[in-house]
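In: got a predicted model here, sequence first, then my questions.
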Amino acid sequence: MNAPDSAEASKPLIERHIQSGAICCDSAWEDAYKRFESPEEEIQKFIKRLKFMKLEDRPRDMRIVELFCGRGGGLVALQRLGFTRMEGVDLSETLLLQNRTEAKLHLADCRNLPFGDSTIDAVIIHGGLHHLPQLPNDLELVLSEIHRVLNEDGTFHAVEPWLTPFLRFVHAVVEVPWVRKVYDKGDALAVMIEHERETYEQWLSQPIIIRERFDKYFIASMNRIAWGKFQFSGRKIKPCG
């Protein structure tokens, strides 16, 4: 019997719930993101967020799912904090194949999660909701699915862009041609915005509707808007009856 190819053996195991290759990543956006911050910078950012969300105070063996997990920086952050039952969900198999964690990975649609009712302790999203193609319908589907899979005391945590005065200022600065020439990180951000403009602007233009959907499914323990970010943590609203 031939030994398995080392490259093949190193690939992460992915449970596929949708067709492979149905969705791929935007290579121009991905290249810009790599210029915007290194993998280690991303991981450290996520660790800081998770601590701010009080995840560090939770049992290390709780079942955590990260949606829109991409290449897995958020899962690495959870692993470094000592969590042992992590799972990641993304539509892009290209990104999932870049994961190098011990997490269980799912190629699946976040609008139709591959988990049973009340089986998850915490769900985390680091900037994925603003990529949804249709608001508010897609947001409703994702949040209702998160509510379904969380257990009675389950929590939901999300960080998304928000149109604060600071973010307006950042947008204006990175649109200046000479700034983009001398500030590579600013140029990278501008490229990312250009390649996600439709969904990005759709998200930023509907703050009231977005907040209403969050309040429909979750009781907030943190509902913070600052420095161009919406940071949310909350428990699922228990169904009546």
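Out: Perfect, thanks for sending it. The structure displayed is predicted, hence computed values, not measured ones.
In: number of nearby residues for the closest residue to Ala28 other than its chain neighbours?
Out: Residue nearest to Ala28 in three dimensions, not counting chain neighbours: His195, with 5.5 Å by C-beta to C-beta, 6 or more residues apart in numbering. Where you see a C-beta, it was placed from the backbone N, CA and C, and this is true even at glycine. Close neighbours of His195, defined as other C-beta atoms under 10 Å, add up to 17.
In: quick one, what contacts His195?
Out: Counting by C-beta atoms under 8 Å, 6 or more residues apart in numbering, His195 touches 26, 28-29, 32.
In: hmm, try it at 6 Å
Out: 26, 28-29 (C-beta atoms under 6 Å, 6 or more residues apart in numbering).
In: give me the neighbour count for Trp203.
Out: 22.
In: which ones among the contacts of His195 lie within helices?
Out: Per DSSP state H, helices hold the following members of the contacts of His195: 28-29.
In: buried residues in the helix or strand where Phe214 lies, which are they?
Out: According to DSSP states H and E, Phe214 maps onto helix 207-217. For helix 207-217, the neighbour count (16 or more other C-beta atoms under 10 Å) marks 210, 213-214, 217 as buried.
In: confirm Ile225 sits in a strand?
Out: Yes - assessed by DSSP: H, G, I helix; E, B strand; the rest coil, Ile225 belongs to a strand.
In: spit out the contact partners of the nearest residue to it once chain neighbours are set aside.
Out: Sequence neighbours aside, Trp162 is the residue nearest to Ile225 in space, at 5.3 Å (criterion: C-beta to C-beta, 6+ apart). Trp162 makes contacts with 225, 229-230, as judged by C-beta under 6 Å, 6+ apart.
In: apply 10 Å and report the result again.
Out: By C-beta atoms under 10 Å, 6 or more residues apart in numbering, Trp162 lies in contact with 130, 203-204, 207, 210, 224-231.
In: all helices of this protein, in order?
Out: 6-9, 27-36, 39-52, 73-80, 93-96, 137-149, 165-174, 177-182, 184-195, 197-204, 207-217.
In: cheers, nothing more for now.
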